[in-house]
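Q: Make a model of this:
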Amino acid sequence: MDDEQLSEIFKSEYSNLIAVLSNYYGLTDLQLAEDIVSDTFLKAMKSWSHKGIPKFPKAWLRKVAQNLLNEHYRRKKIYDEKITPEIKAKNHQINFIEITDKIIEDSQLHMIFVLCDPALNRESQLCLALRILCGFSIEEIARALLSNKETINKKIYRAKKRIKERDRIEMNLTSDQYISRLDNVLRVIYLIFNEGYYSSVDEENIRHEICWEAMRLGLFLSEQKKFPKQKIYALIALMCFHASRIDARTSGENGDLLYQEQDKRKWDKNLIQKGSKYLNLSAVGNIVTKYHLEAAIAYWHTKETKEKWNNILQLYNKLLSIEYSPIIAMNRTYALAQANSIDEAIQEAYKLELKDNCHYFCLLAELYRMNNNINKEIEYLNKAIEFANKKNEKELIKDRLAKARR
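A: Modelled structure (predicted):
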């Protein structure tokens, strides 16, 4: 087993073990659960370096985590100050259990809905999800979110404190409670995916890992029976379509390639097929969400047909009626240029007036390029570079400027 496989085991079991310790034993103190799991990994590294990796490493980790928790129970101070109040509050007996796949699945599901608490702000939910659900280190989260370890630690500490200060973590959520919280859980998963797909980081594998973790969480939810699946299927389809273009999008010498510049042979056909499968599954019933519409738009981006851009434009119109955002409006303007008229699209773009947005000026530059107005293209590319904060964005704009001036 190489270092990459070992790291993958640690990441997956980190999330599993914390979920079980927190949910089965009712620990609202996430830090205590993390300490136990960290001790488990420390024992593994010490033992495995001398004796070799056991035949069933995950079972080994789960057994050691159980033993460590039992040791904590036997320590009087921790027993009196942290464990006993939690157990008494829930009338819960201390049991010695075997950590099974079923217990892990139930605990993981419960943990997702606890961490995606609407009472926590967006960044706190995202940091906690990346840390607890996905097993990323503080350093990895800091790099992925273009932040620093101190800031991320503070956000996670405050979020854990907020969870701990609540009266208790609900141990038995009803079906209605799961359904009512599902939208926020899907939103957090979508945020995780977007951080992987759109963030600018030097380590490309970190971006890939975040995307795959978001997709894993989506697939995990789709296997549960507690809530309707249409929204979940739509989100999975959307992530599959976007993820299918990651390799083609990141293959440019000067930053990411634009959609129209990508080598379509590098698109992942298997992911496109999976996206189509889940998009079809999401179409059962009368539910239409932003995930359905965005997935349908992403689907049409994988096609080369006469009706492609007209369909995309109509979908953007519907999406804007459900949830307005400047990004959606800009994307809709580009579709308008492709489907109807470039001049009409330019007029619509001017109405947006996003005067401090790098992508807005890139859009105007692209529209004028399509209209063969090189001077205007260069003018707006120069404005775009003033507002570009990320290295890959600046490299992409510089490359476009160089091409425009030739």
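
Q: Please enumerate the strands of the stretch 301-406 of the chain.
A: Applying DSSP state E, counting those that start in this stretch to the stretch 301-406 of the chain gives no strands.

Q: Can you show me the helices along it?
A: Taking DSSP state H, counting those that start in this stretch to define them, one finds helices in the stretch 301-406 of the chain at 308-322, 326-339, 342-352, 358-370, 374-387, 391-405.

Q: List the contacts of the second one.
A: When contacts are taken as CB atoms under 8 Å, 6 or more residues apart in numbering, the neighbours of helix 326-339 outside the stretch itself are 309-310, 312-313, 316-317, 319-320, 344-346, 348-349, 352, 354, 357, 359-360, 363, 366-367, 370. Every C-beta, even on glycine, is put in place using the N, C-alpha and C of the backbone.

Q: Mind checking the helices of the stretch 301-406 of the chain for the one nearest to residue 242?
A: Smallest distance to residue 242 across the helices of the stretch 301-406 of the chain (CB to CB): 13.0 Å, for helix 326-339.

Q: ok, back up a step: out of the helices of the stretch 301-406 of the chain, deepest packed?
A: For these, ranked by mean neighbour count under the definition mean count of other CB atoms under 10 Å, the leader is helix 358-370 at a mean of 21.

Q: angle of that helix against helix 374-387?
A: Per axes from the mean of the first three to the mean of the last three CA atoms, to 10 degrees, the angle that helix 358-370 makes with helix 374-387 is 170 degrees.

Q: Can you spell out which helices and strands pack onto helix 358-370?
A: Contact partners of helix 358-370 among helices and strands, from 3 or more CB pairs under 8 Å, 6 or more residues apart in numbering; DSSP states H and E: helix 326-339, helix 342-352, helix 374-387, helix 391-405.

Q: Touching the shortest one from outside, list them.
A: Pointing back at helix 342-352 there. With CB under 8 Å, 6+ apart, helix 342-352 has contacts from 326, 329-330, 333-334, 336-337, 360, 363-364, 367-368, 370-371.

Q: ok, these vs residue 391, which is closest?
A: Closest to residue 391 out of the contacts of helix 342-352 is residue 360 (19.6 Å), distances taken as CB to CB.

Q: need the contact list for residue 43.
A: Applying CB under 8 Å, 6+ apart to residue 43 gives the contacts 64, 68.

Q: same check, this time on residue 400
A: When contacts are counted by CB under 8 Å, 6+ apart, residue 400 is found next to 362, 365, 381.

Q: if we can go back for a sec, can you list the helices and strands packed on helix 358-370 in a markdown table and add distance to residue 250?
A: A markdown table is the format used below for these (distance: least, CB to CB, whole Å):
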| stretch | distance to residue 250 |
| --- | --- |
| helix 326-339 | 20 |
| helix 342-352 | 27 |
| helix 374-387 | 20 |
| helix 391-405 | 9 |
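
Q: follow-up on the earlier one: out of the helices of the stretch 301-406 of the chain, flag the one nearest residue 209.
A: Comparison of these against residue 209 by CB to CB identifies helix 391-405 as nearest, at 17.9 Å.

Q: need the least confident one among the helices and strands packed on helix 358-370, by mean pLDDT.
A: When the helices and strands packed on helix 358-370 are compared by mean pLDDT, helix 391-405 comes last with a mean of 84.

Q: now that helix and helix 374-387, what's the angle there?
A: Relative orientation of helix 391-405 versus helix 374-387 (the same axes, to 10 degrees): 160 degrees.

Q: Could I have the CA atoms of helix 391-405 written out in PDB?
A: What follows is helix 391-405, C-alpha atoms only, in PDB (Å, rounded to 0.1, in the frame of the first residue of the first chain):
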ATOM      1  CA  LYS A 391      -3.200  34.300 -10.600                       C
ATOM      2  CA  ASN A 392      -4.800  32.100 -13.100                       C
ATOM      3  CA  GLU A 393      -7.300  34.700 -14.000                       C
ATOM      4  CA  LYS A 394      -4.600  37.300 -14.700                       C
ATOM      5  CA  GLU A 395      -2.700  34.800 -16.800                       C
ATOM      6  CA  LEU A 396      -5.800  34.000 -18.800                       C
ATOM      7  CA  ILE A 397      -6.500  37.700 -19.500                       C
ATOM      8  CA  LYS A 398      -2.900  38.400 -20.400                       C
ATOM      9  CA  ASP A 399      -3.000  35.600 -22.900                       C
ATOM     10  CA  ARG A 400      -6.200  37.000 -24.400                       C
ATOM     11  CA  LEU A 401      -4.700  40.500 -24.600                       C
ATOM     12  CA  ALA A 402      -1.700  39.100 -26.400                       C
ATOM     13  CA  LYS A 403      -3.900  37.400 -29.000                       C
ATOM     14  CA  ALA A 404      -6.100  40.500 -29.500                       C
ATOM     15  CA  ARG A 405      -3.000  42.700 -30.200                       C
END
